[in-house]
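[1] give me the fold of what follows.
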Amino acid sequence: MINVFHIVSNKQWTGAEQYTYDLVERLRNDPDFYVEVVCRKHPNVLKQYRRLEIPISILPLKGVTDIDSPVRFARLLRKGRNIIHVHSFKDAFMAVMARRISENRDTRVVVSVHGVYKPKSNYMYTKLYKSIDCFVFSSDMAREAFLGKAKKPYADRAVVLRDSVCDSQIGTQVPDLRRVLGLDSHQALIMYHGKITAEKGIEALLGALTHVDRAKYHLVIIGEGQPKYKAKIKGFIVAAGMVHNVSLLGFRDNILEYLRQADFGVLPSIQPEALGISNLEYMMAGKAHIASNNGAQPEYVHDGVNGLLVPPGDEQALTTAINQMLNDTASRSRMGTQAQRDFKEHLDYPTFYGKMTDLYRSLLETAPVVDIEDGPE
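    Residues are numbered from 1 along each chain as shown. Below is the predicted model:
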């Protein structure tokens, strides 16, 4: 049996936490694996993982200066064959140190890189990168951004394993949004879901909608963010006279059930996406969506075929795309059907899960990247 420890230290529930949740949910029912979550004592995250009824270890997880966490975590690694799967480089420091303290050579450290990053070149991070057994990137674009043109010494440990999503039924029942919002049959239900942050392009979306006939749509925004930024968004909605056309629902469980009620989605991220879990969710739900073309989205969203692509922050292009979705319902339906077909054929969860567990097994069949007694190089 292989012991898998997923380490997550965020305060809020984001795409990385959902990625972990879905993976842990399957690992707990797989006889070849024992799985445990290691996280901080944050209610927004803990309440979600507790639904899985799995062991949870609560640690400070304060980063590179945190000495307590690796000492305590090392106790779980003394025996057996272990995979430490972390989801940020900050937590990777703790994982590498805990492996060294445990002195268990049958322990490997895997980092899923949930974003588009360039490697840091300082001494501490250089040692960290050399101590990681495998870097998992969700797209070719994310891998290339991290490795750059120069051949990195850890390039052979950097793999692309495209993320997926699944329909996790948790939490409360989902209301009928059209009924609750009092929408007419001719009004399209447009949806954005994800973090409520500036880099997600929500201001560009709202700006574009000021140029769209308000009788034709209602926008639902699902997600959480910093109160200050949410207040800014609400202020924009009021100032633009859009209070009857935009609803902010906050964080919601069972997101696929909400997406299935949408006519189409809009994910106008300004910051390049390493993959875009929210994009995959629209595809899984069989819904066409509008996405930015500045990240990995063009690797699976094909403009005019299974969705629409626009330049990031371009309100005019976004307005044009929204009007196209509103006015050409036949094309919208066709793109949604194709998106779902593409998801099932190329991006489904069983394929992702099989590749991830094969990776776990293969790592334990090879030697660790460093001599644990010598510590990270």
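[2] what stretches of the stretch 151-300 of the chain score poorly on pLDDT?
    168-172 (pLDDT under 70).
[3] any chance you could map the strands in the stretch 251-377 of the chain?
    Ranges of strands in the stretch 251-377 of the chain, per DSSP state E, counting those that start in this stretch, are 264-267, 289-292, 308-310.
[4] which residues touch the second one?
    Residues from elsewhere that reach strand 289-292 (CB atoms under 8 Å, 6 or more residues apart in numbering): 201, 264-270, 273, 276, 279, 282-283, 297, 301, 307-312, 318, 321-322, 325, 339. Every C-beta, even on glycine, is put in place using the N, C-alpha and C of the backbone.
[5] before we move on, back to that, can you redo the strands of the stretch 251-377 of the chain as a markdown table with mean neighbour count?
    Formatted as a markdown table, those follow (neighbours: other CB atoms under 10 Å):
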| stretch | mean neighbour count |
| --- | --- |
| strand 264-267 | 26 |
| strand 289-292 | 29 |
| strand 308-310 | 23 |
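[6] so which of the ones you listed comes closest to residue 355?
    Counting by CB to CB, residue 355 lies closest to strand 289-292 out of these; the figure is 24.0 Å.
[7] how many residues are close by residue 156?
    9 (other CB atoms under 10 Å).
[8] kindly report the same for residue 231.
    Residue 231: 10 surrounding residues under other CB under 10 Å.
[9] helix, strand or coil: sort out it for me.
    Put simply, residue 231 is helix when judged by DSSP: H, G, I helix; E, B strand; the rest coil.
[10] same check on residue 112?
    strand.
[11] contacts only, for it.
    Counting by CB under 8 Å, 6+ apart, residue 112 makes contact with 16, 19, 85-87, 136, 138.
[12] most widely separated two among those?
    Farthest pair in those (CB to CB) is 86 and 138. Separation: 14.9 Å.
[13] looking at those two, which one has more neighbours?
    Taking neighbours as other CB under 10 Å, residue 86 and residue 138 compare with residue 138 leading, 28 against 25.
[14] how about the contacts made by residue 109?
    84, 86, 92, 95-96, 99, 131-134.
[15] ok, 6 Å please
    By CB atoms under 6 Å, 6 or more residues apart in numbering, residue 109 lies in contact with 84, 95-96, 132-133.
[16] per-residue confidence for it?
    Looking at residue 109, its pLDDT is 98.
[17] so which strand or helix has it?
    Using DSSP states H and E, residue 109 sits within strand 107-113.
[18] pull the CA atoms of that strand into CSV?
    Provided in CSV are the C-alpha atoms of strand 107-113 (Å, rounded to 0.1, in the frame of the first residue of the first chain):
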residue,chain,number,x,y,z
THR,A,107,9.3,8.9,0.5
ARG,A,108,8.8,11.0,-2.5
VAL,A,109,7.8,14.7,-2.9
VAL,A,110,5.4,15.7,-5.7
VAL,A,111,4.5,19.3,-6.4
SER,A,112,1.5,20.2,-8.5
VAL,A,113,2.1,23.6,-9.9
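[19] following that strand, which helix or strand shows up next?
    Taking DSSP H and E, what comes next after strand 107-113 is helix 123-131.
[20] what does the first helix or strand past that next one going along the chain contact?
    Using DSSP H and E, the helix or strand that follows helix 123-131 towards the C-terminus is strand 134-137. Residues outside strand 134-137 that contact it (CB under 6 Å, 6+ apart) are 110-113, 143, 157-161, 363.
[21] just the buried ones from those?
    When the contacts of strand 134-137 are checked for burial by 16 or more other CB atoms under 10 Å, the buried set is 110-113, 143, 157-158, 160-161, 363.
[22] quick one: contacts for residue 110?
    Contacts for residue 110 were tallied using CB under 6 Å, 6+ apart; they are 85, 134.
[23] what's across from it in the sheet?
    Taking DSSP bridges as the rule, residue 110 bridges to residue 85, residue 134.
[24] so where's the stretch 1-150 of the chain shaky on pLDDT?
    For the stretch 1-150 of the chain, the ranges with pLDDT under 70 are 150.
[25] count of neighbours near residue 294?
    That count, for residue 294 with other CB under 10 Å as the rule, works out to 20.
[26] which pair of the contacts of strand 134-137 spans the longest distance?
    Greatest spacing in the contacts of strand 134-137, by CB to CB: 143 and 363 (17.6 Å).
[27] just the buried members of the contacts of residue 112?
    Among these, the ones that count as buried (16+ other CB under 10 Å) are 16, 19, 85-87, 136, 138.
[28] check contacts around residue 45.
    Residues near residue 45 by CB under 6 Å, 6+ apart: residue 39.
[29] and it, that one's in a strand?
    No. Per three-state DSSP, residue 45 lies outside any strand segment and is helix.
[30] from residue 49, how far out is residue 43?
    11 Å (CB to CB, to the nearest Å).
[31] who's more crowded, the two?
    Ranked by neighbour count (other CB under 10 Å), residue 43 and residue 49 place residue 49 first, with 20 against 8.
[32] put the alpha carbons of the host helix or strand of residue 22 into CSV.
    Taking DSSP H and E as the criterion, residue 22 maps to helix 15-27. Extracted in CSV, the C-alpha atoms of helix 15-27 (Å, rounded to 0.1, in the frame of the first residue of the first chain):
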residue,chain,number,x,y,z
GLY,A,15,-9.2,25.5,-7.5
ALA,A,16,-6.2,23.8,-5.8
GLU,A,17,-8.4,22.7,-2.9
GLN,A,18,-11.1,21.3,-5.2
TYR,A,19,-8.4,19.5,-7.2
THR,A,20,-7.2,17.9,-4.0
TYR,A,21,-10.7,17.1,-2.8
ASP,A,22,-11.6,15.2,-6.0
LEU,A,23,-8.3,13.3,-5.9
VAL,A,24,-8.6,12.4,-2.3
GLU,A,25,-12.2,11.3,-2.7
ARG,A,26,-11.1,8.6,-5.2
LEU,A,27,-7.9,7.6,-3.3
